[in-house]
Structure formats: structure tokens, C-alpha cells
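Trainee: my questions are about this predicted structure, shown below with the sequence.
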Amino acid sequence: MKFGFDIDDTLISLREHAFHIYNKKLNQNVPIDIFHGIKKVEIHEAFGLTSEQGSKMWNDSLEEVYFTSCPAYPDAVEALNELSKEGHHIYYITARPKEHGERTKQWMIEQGFPVQEDKFFCGMKDEDKVHIIQDLQLDFYFDDKPDVLNTLAMDKLTVYVKNQPYNQHLTIPRLTNWSELKEIVKEQADERESL
Ligand SMILES: [Mg+2]
């Protein structure tokens with residue numbers, strides 16, 4: 001089967017990583033429980049930044065946010081490697097800016113994610129992910145962002161939302177930990193068999 005994954009805040013804990021970087025760069029000490037209470041994708045308000053200052057901070061920090069030691073979520077690397085070993089196709093579809101595509105791919109390989117040739121897509125807008133997902137005829141797709149997930153109602157595609165404080169209103173199936181993936185795949189396979 002074909003599995004598609006968003007990267008940031010789906011497979012890796014990018015916002016939290018950025019939160020620590022912001023604290024350091026801004027010489028602040030905003031506690032981590034504030035982070036866990038943020039109900040939007042952007043994190044700048046916790047640091048008292050306006051949305052303009054927030055975008056500047058984000059863009060100025062991108063290099064460090066993307067290419068240092070951002071941790072993968074627990075069991076993500078293992079779960080995807082298991083899929084790959086079972087012969088499934090693994091696609092990454094990230095809206096990171098195109099110029100960061102090749103380095104992001106290398107970075108993912110260094111973290112131990114299974115990256116298969118020609119199955120890495122980068123640099124589209126959130127609202128254009130749907131076209132790639134359609135063209136690839138994916139069976140599964142996982143993402144964290146409401147703006148993406150809300151565009152993805154299509155036949156034969158099973159969509160999961162990676163649980164985050166800012167997507168609680170979505171009613172589609174939800175994955176909280178990557179250790180659940182195996183069971184999800186098994187359930188789907190059983191369901192397809194019974195059709
Ligand atoms: Mg994301």
C-alpha cells in the first residue's frame with residue numbers, strides 16, 4: 001500500500017523544538033507547559049511577539065529549526081521502517097520551502113527514516129498537497145494541520161490527523177502515538193479483505 005506522511009509536527013516535534021530555540025534566542029524562559037497549551041500552529045504569541053515579529057523570527061530561525069536536533073516523535077522512525085520492510089511505499093509530502101528540500105531529505109535519512117527514491121515531495125503550498133496526494137493515489141495520509149486535512153475528502157484515501165492541541169475540533173480518525181500505526185494498518189487490511 002501507499003503511505004503518505006507530512007513531516008513537521010506529524011513525524012517530528014518541530015514546534016516544540018522551535019519553542020526551545022526561541023527561548024534561547026530571545027533570552028526568555030517561557031515554561032514548556034505554556035507550549036503545551038498553545039491552541040494554534042504558530043508559537044510566537046507565547047513570547048510576546050506580534051504576528052509580524054513572529055514570521056520574522058520563524059524565517060530567521062528556519063536553518064536552526066530544520067537542521068539541528070529536532071526529535072522525531074516516539075516510535076515514528078520504528079513504525080515507518082517496519083512499513084518499509086513489509087514492502088509498503090512511503091511518501092513524504094512537506095510544505096517546507098523548496099530550497100530546503102534536498103537537505104530535509106538528507107536530514108530525514110540521518111534521523112533513520114526510510115526514504116525511498118523519488119518519493120519525497122517538498123515546496124508545495126498546504127492547499128496543493130491534495131493534488132499530489134491525488135496523483136500518487138495514496139491509500140493512507142497523515143498530517144497535523146487542519147488547513148491541509150480539510151481539503152482531503154477523497155475516495156479510497158484513509159486520512160489520519162496526528163493529535164495536536166490545535167486540531168482537536170477535527171472529527172477524522174486520530175493518531176496520538178506512532179505505536180498505533182501497526183494496528184491501524186492491520187484493521188484496514190482486514191476491512192478491505194472483508195469487502
Ligand atoms: Mg505539519
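Mentor: That came through fine. This structure is a prediction, so every number in the text was calculated from the model and none was measured.
Trainee: any idea how many residues pack against the closest residue in space to residue 146 that isn't next to it in sequence?
Mentor: The spatial neighbour of residue 146 that comes closest, neighbours along the chain excluded (C-beta to C-beta, 6 or more residues apart in numbering), is residue 167 at 5.4 Å. Heads up, the C-betas are built off the backbone N, CA and C, glycines and all. Using other C-beta atoms under 10 Å, the number of residues around residue 167 comes to 20.
Trainee: how about the helices in this protein?
Mentor: With helices called from DSSP state H, the chain shows them at 14-25, 32-36, 51-67, 76-85, 101-110, 129-136, 146-149, 181-194.
Trainee: I'd guessed the residue nearest to residue 146 sits against residue 148; true?
Mentor: No. Using C-beta atoms under 8 Å, residue 167 and residue 148 do not qualify as a contacting pair, with a distance of 10.1 Å.
Trainee: what residues does the chain put near the ion?
Mentor: By the criterion of C-beta under 5 Å from the ion, the positions of the chain lying close to the ion are 6, 8, 9, 10, 144.
Trainee: what's the ChimeraX line that selects buried ones from these?
Mentor: Here is the ChimeraX command that picks out the buried ones among these, judged by 16 or more other C-beta atoms under 10 Å:
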select :6,8,9,10,144
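Trainee: and which of the residues of the chain next to the ion is nearest to residue 47?
Mentor: residue 9 (18.1 Å; C-beta to C-beta).
Trainee: how about the closest one, nearest residue that isn't a chain neighbour?
Mentor: In space, residue 9 comes closest to residue 144 once its chain neighbours are excluded; the distance is 4.4 Å by C-beta to C-beta, 6+ apart.
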